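Peer 1: Need coordinates for the following:
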Amino acid sequence: MTELHELHRLASKRLQDHIEKHRQTPDVTLAKHIRYIQEQKANMISGKKLVYLDTLAWKCLADYKLKKPKLTDAMIMFAETFFAKAHSGQYVFPIAFPTFVELDALVIPETRALLNDLVDEFSSGFCIVHQHERIREELVQLTSAQWNVHKAASDYLCSPLELMELSYPTLPAFVTASIDQNTFNKAWFDAMTELPMSAQLKVAATAPDEKWNNELGLTSLNEAKIKYQGDVGTLKQAIFVELKGCIEAWADIEGQAIEPKIVAEMACYIMAIWQSDTFYLAFPTLRVLSALHGSLRTDPNRRFKSGDLNDFSVAADALSICDVFLTDRRLANLISSEELDLGKLLGCQVIHGFEAMASYFS
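Peer 2: Residues are numbered from 1 along each chain as shown. Take a look at the predicted model:
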């Protein structure tokens, strides 16, 4: 029996168990049940630090376990201090979609297999809600003038399957005679959200789709950067241009057509809100994405490099939600640059270098 077949068997068994459980509470709606689960998650992470590890940090931990020979002293120190402290009850290590696709792109079987186990063990099934959904919420906040709505970090944590998008099968009539749709939906939610991140990585491993490529789109991005370099004389102008691009990209995925004039007005409005003393923390996902892309755009000598797009997405996830972000020097320096200082702005400690990462845990 393959691992995927075993996962399917266990999920089917759990589904039946959950159906029997939810038969006892027919008056509880799916929405109310999900709110209850979210409250449980909030209790689970209460008082703990949300620490985001980038892909290189996760891979270092796997290489240490595999006793790879090329580990530096700093990498060994980081791994040793991490494993000594990670189960102390002080930390949660969530995963976001950009890291998921990079983990899925790893091709060495033994490294991938061990990472499956490590991610399950230390993420505790916590993922960060997909960036697209958070941008949707931020745009709703903009249009409804709810700029001061600051949810708890737990509101932006989800299960691995919810990260990929959880859908609910519609039961045929002959089934609803013995089980109602509401009971099934609650049971389905429980059974599917219990599946670990490794289950998603195993499914992804068998998918025919191409794996993530950090070189994807770099040529066209750099050509466009050179072509329009003269249009952005200041960082503020560059952020405005990138902010419009974020809104347009979101609308394109949604299949919505927003007039360029409206997009520009929305971007102006957002930037004006950021300038205020009261609402400067509003729309954090849009802020990080537009700031990082805008900063790169203003430097005529800087080009998009391999990994930049995913790195910027990881930063938008980590800085918006987490307390600590462990990453590489290049990204950390950009985030912490004098003109941006996004970590300080959003209250997220940015740490780079394996020696510094080790010091954090020690």
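Peer 1: Find me the pLDDT at the residue positioned nearest the centre of the chain, would you?
Peer 2: Ranked by distance to the mean C-alpha position of the chain (Cα atoms, centre = their mean), the top residue is Ala96 at 2.5 Å. Here, the pLDDT recorded for Ala96 equals 96.
Peer 1: Same check on Glu6?
Peer 2: As predicted, Glu6 sits at a pLDDT of 69.
Peer 1: Just the C-alphas of stretch 96-109, formatted as PDB.
Peer 2: C-alpha atoms of stretch 96-109 as PDB (Å, rounded to 0.1, in the frame of the first residue of the first chain):
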ATOM      1  CA  ALA A  96       3.300  29.700   3.900                       C
ATOM      2  CA  PHE A  97       2.600  28.900   0.300                       C
ATOM      3  CA  PRO A  98       5.900  30.300  -1.100                       C
ATOM      4  CA  THR A  99       7.900  28.000   1.200                       C
ATOM      5  CA  PHE A 100       5.600  25.100   0.300                       C
ATOM      6  CA  VAL A 101       6.400  25.400  -3.400                       C
ATOM      7  CA  GLU A 102      10.100  25.700  -2.700                       C
ATOM      8  CA  LEU A 103      10.000  22.600  -0.500                       C
ATOM      9  CA  ASP A 104       8.000  20.800  -3.200                       C
ATOM     10  CA  ALA A 105      10.700  21.700  -5.800                       C
ATOM     11  CA  LEU A 106      13.400  19.800  -3.800                       C
ATOM     12  CA  VAL A 107      14.500  16.800  -5.800                       C
ATOM     13  CA  ILE A 108      16.800  14.800  -3.500                       C
ATOM     14  CA  PRO A 109      14.500  12.000  -2.200                       C
END
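Peer 1: Can you verify my assumption that Ala332 contacts Gln349?
Peer 2: No: using Cβ atoms under 8 Å, Ala332 is not in contact with Gln349, being 10.5 Å away. For the C-beta atoms, the positions are set from N, CA and C on the backbone; glycine is no exception.
Peer 1: And the helices in the stretch 1-150 of the chain, which stretches?
Peer 2: If DSSP state H, counting those that start in this stretch is used as the criterion, the helices of the stretch 1-150 of the chain fall at 3-22, 30-45, 55-65, 73-85, 97-104, 109-123, 131-143.
Peer 1: Quick check: which of those helices is nearest to Asp323?
Peer 2: Among the helices of the stretch 1-150 of the chain, helix 30-45 comes nearest to Asp323, with 10.5 Å by Cβ to Cβ.
Peer 1: who's in contact with the closest one?
Peer 2: The contact list for helix 30-45 (Cβ atoms under 8 Å, 6 or more residues apart in numbering) reads 22, 92, 124, 126, 152-155, 157, 182, 185-186, 189-190, 193.
Peer 1: circling back: so Ala332 and Gln349 - more neighbours on which side?
Peer 2: Comparing Ala332 with Gln349 by other Cβ atoms under 10 Å, the one with more neighbours is Ala332, at 20 against 14.
Peer 1: contact partners of the helix or strand where that one lies?
Peer 2: Using DSSP states H and E, Ala332 sits in helix 329-335. Here helix 329-335 makes contact (Cβ under 8 Å, 6+ apart) with 54, 292, 295-296, 311, 314-315, 319, 325, 327, 340-343, 350-353.
Peer 1: Repeat that for stretch 268-281.
Peer 2: Counting by Cβ under 8 Å, 6+ apart, residues outside stretch 268-281 touching it are 142, 147-148, 150, 236, 239-240, 243, 282-283, 286-287, 345-346.
Peer 1: Would you confirm that the residue nearest to the centre of the chain contacts Tyr52?
Peer 2: Yes: in this structure Ala96 lies within contact range of Tyr52 using Cβ under 8 Å: 7.4 Å.
Peer 1: Find the residues that touch each one of the two.
Peer 2: Contact criterion Cβ under 8 Å, 6+ apart; residues shared by Ala96 and Tyr52: Val314, Asp317, Ala318.
Peer 1: Of these - the most surrounded one?
Peer 2: Using other Cβ under 10 Å as the neighbour test, these are led by Ala318, with 31 neighbours.
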